[in-house]
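S.K.: Please find the sequence and the predicted model below.
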Amino acid sequence: MTFDPAALRAQFPILARRVRGQPLHYLDSAATAQVPLAVLDAVRTHDAMHRANVHRGVHALAEEATQAYEAARGAVAGWLNVAPDEVIFTSGATAAINLVAQSWTRSLSPGDEILLTELEHHSNIVPWQLAAERQGLVLRALPATAEGRIDLAALPAMVGARTKLIAATHVSNVTGAVTDVAALVAAARSCGAKLLLDGSQRAPHGPLDIPALGADFYVFTGHKLYGPNGIGALWARREILAAMPPFLGGGEMIRRVTIERSTYADPPRRFEAGTPPIAQAIGLGAAIGFLSTLDWSAVAAHEMSLTQRLLDGLAADRRIRIFGPAGLQSRIGVVSFDMEGAHPHDICQILDARGVACRGGHHCAQPLMDRFDLAGTTRASIGIYNDASDIDALLDGLDEVARRLCA
Amino acid sequence: MTFDPAALRAQFPILARRVRGQPLHYLDSAATAQVPLAVLDAVRTHDAMHRANVHRGVHALAEEATQAYEAARGAVAGWLNVAPDEVIFTSGATAAINLVAQSWTRSLSPGDEILLTELEHHSNIVPWQLAAERQGLVLRALPATAEGRIDLAALPAMVGARTKLIAATHVSNVTGAVTDVAALVAAARSCGAKLLLDGSQRAPHGPLDIPALGADFYVFTGHKLYGPNGIGALWARREILAAMPPFLGGGEMIRRVTIERSTYADPPRRFEAGTPPIAQAIGLGAAIGFLSTLDWSAVAAHEMSLTQRLLDGLAADRRIRIFGPAGLQSRIGVVSFDMEGAHPHDICQILDARGVACRGGHHCAQPLMDRFDLAGTTRASIGIYNDASDIDALLDGLDEVARRLCA
Amino acid sequence: MTADDLYQAEIVARAKSGAGDSRLDPHDARATVDNPLCGDRVTLDLSLAAGHVVALGHRTRGCALCQAAAETLRRCAPGMAPSEAPAHREALAAYLAGRQDLPERLADFSAFAPVRSHPSRQGCVLLPFEAFIEAAAMVDPDRR
Amino acid sequence: MTADDLYQAEIVARAKSGAGDSRLDPHDARATVDNPLCGDRVTLDLSLAAGHVVALGHRTRGCALCQAAAETLRRCAPGMAPSEAPAHREALAAYLAGRQDLPERLADFSAFAPVRSHPSRQGCVLLPFEAFIEAAAMVDPDRR
Ligand SMILES: Cc1ncc(COP(=O)(O)O)c(C=O)c1O
Ligand SMILES: Cc1ncc(COP(=O)(O)O)c(C=O)c1O
C-alpha cells in the first residue's frame, strides 16, 4: 500500500501530453477518468494474445479468456466486498440502472412509488420514467438543499407504504456531496422499500463495503474507475437477482431455447445476454488491481487537500459562486461553480487554451440545474493523479476568463 | 486494394502464438475474430492519448474523442453504404436486436406476427420472445431445409396480413448458408412487413450495400468483424428510427429532463443512452479501415478455396456428416459437422491439444440443433487470415479423434 | 486555434449586445429552442412585411458564441424571406465545417472563422438559426 | 495437460460403458438435467432401500467426460444417502478446482485428475451429480 503522487502520474501516459501547446491539466475525471498503463496493457495483451469468446469454448484461448473474465468479476466483487456471483457486468452504469428499472420493476403494481432525488444524473431518472410509463408507477423526488445535498428533512413526508424503491446517487456528480446512506437505509427499511445507490462517482474514491452500507442494489461504471469504456457493473443481493426476470434476451443468458419458449440461466448469467465486453471487463479488473495497491487514506488526504486549495481559490473571487458543500465534510473533489458574466462553455474554452480540461454544462443533471435556476455550471473534478499545479492552472485560467469576458 | 495472405497474417499478433506447445490454428472466427495491429493500436492510442467523454466537452481531448467517435460512425456507414445518422452504436448484435425488439414493437398490436427462422441465433429469438410476451405478439418460424438453409418454400404459407416483421439471419452461424435476401424482401413487401437482417456472420465477409439489399433493419457485432468486443451497430431507415420510442434511458439520449417528464434527442443519439463504448467504436472504425484496404474478391476466393479444401477433407471421412450446404454455392466458410461416436466437446478438446481452435456445442442455435436432433455440432470457421495449414491441421486432428474415440 | 482567436474583441462585443433582450412586441412569429447538449436557449421573434423579415429580436441565454451569433443574425436578418431560413442555416453550417465560403448575406459571420476549428462549439453558433427556422416556418406563406 | 491426459484409456473405457442405457425400471426417483452451455443431458434413476441408494442408472447424451463421470457415479453411488448428494457434488467440485483431495467414497474419480487443468470441462464431470441431487431431493426423507 503506497501513494506517491509523482510516481503515480507516470503511470498515466496521457498526462505527459501537451494540448494546445500546454501541459495537460486534466480536471474532468468525473466525466471520464484516465487509464493507467496497467489497464492499457491488460486490454492489449488480452486482445493480442488471449482473445476468444467466453464460456462455451474448450480451446485454450477460450479457457484463458473465460478465466480472465471471471477473475475480473472477482476483482469487482473484491472492490465492493460482495460475492462474485452477485456481480453482473453491463456496458456501464446507465445499462445497469436500465436493467433494474426494466426487470426488477416488473413485480410492482400501478401506483407503487419510486423515490428519486433532485441530484440524480439523467441515467438515474430517465430509466425510471420509462418504467413508470409502462407500469403505471409514480415517481417522486427528494429535493436538494441550497448546499447541493439531498434534503433528508423531506424524507419522512416522501416515503410511505407505496414506496418500493429509493434510487439515489451515492455521490453527486455536480456538487460532490456524499450522500448520508444510513438515513436512506433507515427510510427504506421503515417502509419495506429497496435502496439502489448509483455509485458511479463514489467507486473511484476507494474500496467499498456494500454489505456494511446496507444497499440492495449498487451500480457503477468502469470508465470513471480508471478502467475502459463500455463496461460497468450491477450488484444486487442474491435473492433479489434470483427473483428478477431477464432484461435483454440472447446468447449466454439461456438454459434452453425453443421457438415457442425459453428458460433462463441463473444470475449473473441471466443478465449478461450476448457476448459480453470481455476485454473491457478484464481492463476493469486490471484497474481495480492497480487501485488496490494504493493507500486510500493517503489518496483521500491528497484529494481533499487539492479540493481545499480549489475551494479556497474559488472563494477568493467574488464573481464566483460554488454549488455544493463549501467545506470538506462529506464531499469529494467534484466542484461546480458559476462565474458572473461568463458562460460555462466560454470558461471551459478559455481554460482549454491553457491546457486545463474542465467541463461546462448541465452535467446530465437538468433537474438540479433547474433547482438552482441555471443552464449549467463549470465543474472541476479531481482524480488520484492531480496535483497542485492543476488547481493553480485552473485558478490562473479563471483570472483570464474574468479579464476577457467579465470586464 | 491488395490481398497477400502471408503479409496479412503478420498483422495479427495472436497468430504467432503457440498454444499447448503447438502453432495456433484459429478456426473459431465465427465466435470471435482476431484483431489486427491497426485495431490494437487505435484502441490503445485513443485510451492513452485522446481519452475523454464525448459530445458535451469543449476541451481538446473531448473534441478529439468526439471527432474520432463520429468518424467511426462514418466508417460503419461506409461499410454498409448507408448514411451515418442512420447508424446507432450498441454494445453488440444482441443489444441491437433487443433495441428493435423493445422499441420498434411498441407500435404493434396483440396478435401481430413476427416471422423468425429455425436457423436463428438465440440473440435473434429470445428478444422477440420477451417482446411477444409483453405485447401479445405471435412468433412463427420458417423451417430449415435438410441442407441447413431457410426453407423458402414455406414462405407463402407463413406470411400474411398480420405479419409485421421478418427477422432472419443473413448468414447462418451454424451452417454457413447465405440467405436469399431477395426472397425475404419480396415476402415482406407482399404483406407490408419490415425485414430485419442479422448480419453478424455476413459483415466479416466484405462490404455491404444495404440499400440494394432492401432490408429495413440491419445489425452486426464488432468482435466478429475483426474489431473490439463490446461494440456493435444497428442500422435502420431514417423514418423508422425517427418513429421509434427510446429503449434505454440516460445521459446523451435526452433533449430536456425534468423529474416529471423527459423529451428525447433525435436518432441516432436517442438510442445511445449513457457514455457509449467510445474506444470500442474507434477500434471498430479502425477494423473497417483495415478491411477496406483488402481486395474482397481475392479474399472471397481465398476463403472459398479453404472452404472447399475443408469440405473435401470432411467428405472423405465416412464417419463425418456435414450440416450445411455441401458445395460453395451461397455459403461462407462456416462449416458444422458431426462425427459418429465422438462428441463435439471431445473433438474440440483433442484438436486443442494440437493447437487447433474449433467450437463444439449448440452455437446458440438450439432450435436448429433440435431440427437436426443433435445436442451440438463441431464447427470450424474461416477468417481472412486462415491458410491451408489450418485446414490440414484440423483434418489431421480429426484422424486422431477417430483413432482415439471411435475405435 | 486558441481561445484568443475565438474570443476576439469583436465577438465579445457582439456577445455583450446579444446578452440583452431585444425581443419584439408585437411580433409575427416567436420560437424558442434549446440546445440539448448544454441547455442554452434562444427565444427569437420575427416581424414581417411584404413577406420579408423587417426585424428580428431575441433573448438568448447562452454562451458568448451563441449570444454573438444571435446578435449577428439580428443584424443580417432584415430582408430575408422566411422560406430561406433553412438555406441560410445550411450555408453557415457548411462555412463552419470548412466546406464553403460565406454567402454575401451572411458576410458578418466571418468573425466566427475561428469556430471552424472547434466542432464542439459550432452548435452554439447555429442555435439562433434553429430558432429562426422554427419561427420562419410559422409565417412562411408556402407552408400555410 | 494435453488431451492425451484427458482421454486416457480408462476414461475412454468408462465413457463407452457410460454411453449405454442403464436406466432403472422401476425406479424410486428420476431426474433429467441439461447443461445449458452445451446441451448435454443426463437422465438419472435411483433405487433406494432403507434410505440408501441401492442402484443408480442413467442415460447420458453427452461428451466422453460426462459419460465417464455418469458411469463412475453409477459405480460409487450404492450406499450413499440421498441427503448426501449435494455434499458429494461439492467434494468433487472442490477436487476438480484443486482445492482438496477426493473423499474415500469418490476415490474412483481420481481418473479425472487431468480435468483439474481444464476448467471449461469441469461442468461435464459435474453434470451427473446435478441430476443425482435432483433425483435424491425427490426421495430425501428429510425433504418430505
Ligand atoms: C448470427 C449471430 N447473431 C447474433 C450473434 C450475437 O452477437 P453478440 O454476441 O456479439 O451480441 C452472433 C454471435 O454470437 C451470431 O453468430
Ligand atoms: C452519478 C452518475 N451516474 C451515472 C452515470 C452514467 O454512467 P455511464 O454514462 O458510464 O453509463 C454518470 C456518468 O456519466 C454519473 O456521474
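M.R.: Cool, the structure landed. Ligands and ions are numbered 1, 2, ... in the order given.

S.K.: drop to CA atoms for contacts and neighbour counts, all remaining ones
M.R.: Noted.

S.K.: what comes up buried for the host helix or strand of A:A188?
M.R.: Per DSSP states H and E: A:A188 is located in helix A:181-191. Within helix A:181-191, the residues that count as buried by 16 or more other Cα atoms under 10 Å in any protein chain shown are A:181, A:184-185, A:187-188.

S.K.: State the helix or strand in which residue 89 lies.
M.R.: All of this is about chain A. A:F89 belongs to strand A:87-90 when assigned by DSSP H and E.

S.K.: Chain C is the one I meant
M.R.: helix C:85-96.

S.K.: Identify the residues contacting A:P156.
M.R.: A:A187 (Cα atoms under 8 Å, 6 or more residues apart in numbering or on different chains).

S.K.: Could you point out the helix or strand that follows the strand or helix carrying it?
M.R.: Per DSSP H and E: A:P156 is located in helix A:155-158. Scanning forward in sequence from helix A:155-158 by DSSP H and E, the next helix or strand is strand A:163-169.

S.K.: Point out the residues in chain C that sit beside chain B.
M.R.: By Cα under 8 Å from any Cα of the partner chain, the residues of chain C that approach chain B are C:34-39, C:118-121.

S.K.: what do you get if the cut-off is 10 Å, keeping everything else the same?
M.R.: Residues of chain C lying near chain B by Cα under 10 Å from any Cα of the partner chain: C:34-39, C:117-121.

S.K.: Next, the angle from the longest helix along chain C to helix C:85-96.
M.R.: Ordering each helix of chain C by length in residues (DSSP state H) puts helix C:119-139 first. Interaxial angle, helix C:119-139 versus helix C:85-96 (axes from the mean of the first three to the mean of the last three Cα atoms, to 10 degrees): 170 degrees.

S.K.: a markdown table please, covering the buried residues of helix A:181-191 and showing pLDDT.
M.R.: Shown next, in a markdown table, are those (pLDDT from 0 to 100):
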| residue | pLDDT |
| --- | --- |
| A:V181 | 98 |
| A:L184 | 98 |
| A:V185 | 98 |
| A:A187 | 98 |
| A:A188 | 98 |
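
S.K.: So for the closest residue to A:G160 other than its chain neighbours, what pLDDT did the model give?
M.R.: If the residues on either side of it in the chain are set aside, A:G160 comes closest to A:C191, at 5.9 Å by Cα to Cα, 6 or more residues apart in numbering or on different chains. Listed pLDDT for A:C191 reads 95.

S.K.: thinking again about what came up before, and after the strand holding A:F89, which helix or strand comes next?
M.R.: Per DSSP H and E, the first helix or strand lying C-terminal to strand A:87-90 is helix A:93-103.

S.K.: Does chain C have contacts with that next one?
M.R.: No: shown here: helix A:93-103 not in contact with chain C (Cα under 10 Å from any Cα), separated by at least 17.5 Å.

S.K.: count of residues packed around the closest residue to ligand 1 within chain C?
M.R.: Relative to ligand 1, the nearest point of chain C is C:L37 (29.6 Å; Cα to the nearest ligand atom). The local packing of C:L37 (other Cα atoms under 10 Å in any protein chain shown) involves 22 other residues.

S.K.: One more: A:L374?
M.R.: A:L374 sits with 17 neighbouring residues when counted by other Cα under 10 Å.

S.K.: now swap in A:F220 and tell me
M.R.: 27.

S.K.: what about it, which SS state?
M.R.: In three-state terms, and counting by DSSP: H, G, I helix; E, B strand; the rest coil, A:F220 is strand.

S.K.: Test of understanding: give the bridge partners of it.
M.R.: A:A233 (DSSP bridges).

S.K.: where does it land on pLDDT?
M.R.: Taking A:F220 on its own, its pLDDT is 98.

S.K.: Next, find the distance separating it from chain C.
M.R.: 23 Å (Cα to the nearest Cα, to the nearest Å).

S.K.: quick one: the one helix or strand in chain A whose mean pLDDT sits lowest near ligand 1?
M.R.: None of the helices or strands of chain A scores lower by mean pLDDT, DSSP states H and E than strand A:254-257, at a mean of 89. No: counting by Cα under 6 Å from any ligand atom, no contacts exist between strand A:254-257 and ligand 1, the nearest distance being 12.7 Å.

S.K.: what sits up against that strand?
M.R.: By Cα atoms under 10 Å, 6 or more residues apart in numbering or on different chains, the surrounding residues in contact with strand A:254-257 are A:246, A:250-251, A:262-266, A:269-273, B:122, B:125-126, B:364-367, B:370, D:34-39.

S.K.: all helices of the chain, in order?
M.R.: Using chain A. Per DSSP H, chain A carries helices over the ranges A:5-9, A:37-45, A:60-80, A:93-103, A:126-135, A:155-158, A:181-191, A:210-213, A:238-243, A:278-291, A:296-315, A:344-352, A:366-372, A:388-405.

S.K.: hmm, I had chain C in mind actually
M.R.: C:3-6, C:9-18, C:64-76, C:85-96, C:119-139.

S.K.: got a markdown table for the ones you listed, with mean neighbour count and mean pLDDT too?
M.R.: What follows is the helices of chain C, written out as a markdown table (neighbours: other Cα atoms under 10 Å in any protein chain shown; pLDDT from 0 to 100):
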| stretch | mean neighbour count | mean pLDDT |
| --- | --- | --- |
| helix C:3-6 | 18 | 74 |
| helix C:9-18 | 19 | 94 |
| helix C:64-76 | 25 | 97 |
| helix C:85-96 | 19 | 97 |
| helix C:119-139 | 23 | 95 |
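
S.K.: For chain A, find the nearest of these.
M.R.: helix C:3-6 (5.1 Å; Cα to the nearest Cα).

S.K.: Isn't A:Q135 up against A:W104?
M.R.: No: the criterion here is Cα atoms under 10 Å, and A:Q135 misses it with A:W104 at 11.4 Å.

S.K.: now the residue nearest the centre of chain C: how far from C:Q67?
M.R.: Note on chain C: the residue nearest the mean C-alpha position is C:P128, at 3.6 Å, using Cα atoms, centre = their mean. For C:P128, the distance to C:Q67 equals 8 Å [Cα to Cα, to the nearest Å].

S.K.: Please apply the same query to C:R30.
M.R.: Remark: distance between C:R30 and C:Q67 (Cα to Cα) = 17 Å.

S.K.: before we move on, what about C:G51?
M.R.: Distance from C:G51 to C:Q67, by Cα to Cα: 26 Å.

S.K.: can you check C:R75 too?
M.R.: From C:R75 to C:Q67 the distance is 13 Å (Cα to Cα).

S.K.: Need the pLDDT of whichever residue of chain C sits closest to chain D.
M.R.: Chain C approaches chain D most closely through C:L37 (43.9 Å), counting by Cα to the nearest Cα. For C:L37, the model assigns a pLDDT of 75.

S.K.: Tell me who's in contact with it.
M.R.: A:361-364, B:55-57, B:251-256, B:265, C:123-124.

S.K.: repeat that for 8 Å
M.R.: Residues in contact with C:L37 (Cα under 8 Å, 6+ apart) are A:361, B:55-56, B:252, B:255.

S.K.: Could you do A:I88 as well?
M.R.: A:73, A:233-235, A:267-269, A:271-272 are the contacts of A:I88 under Cα under 8 Å, 6+ apart.
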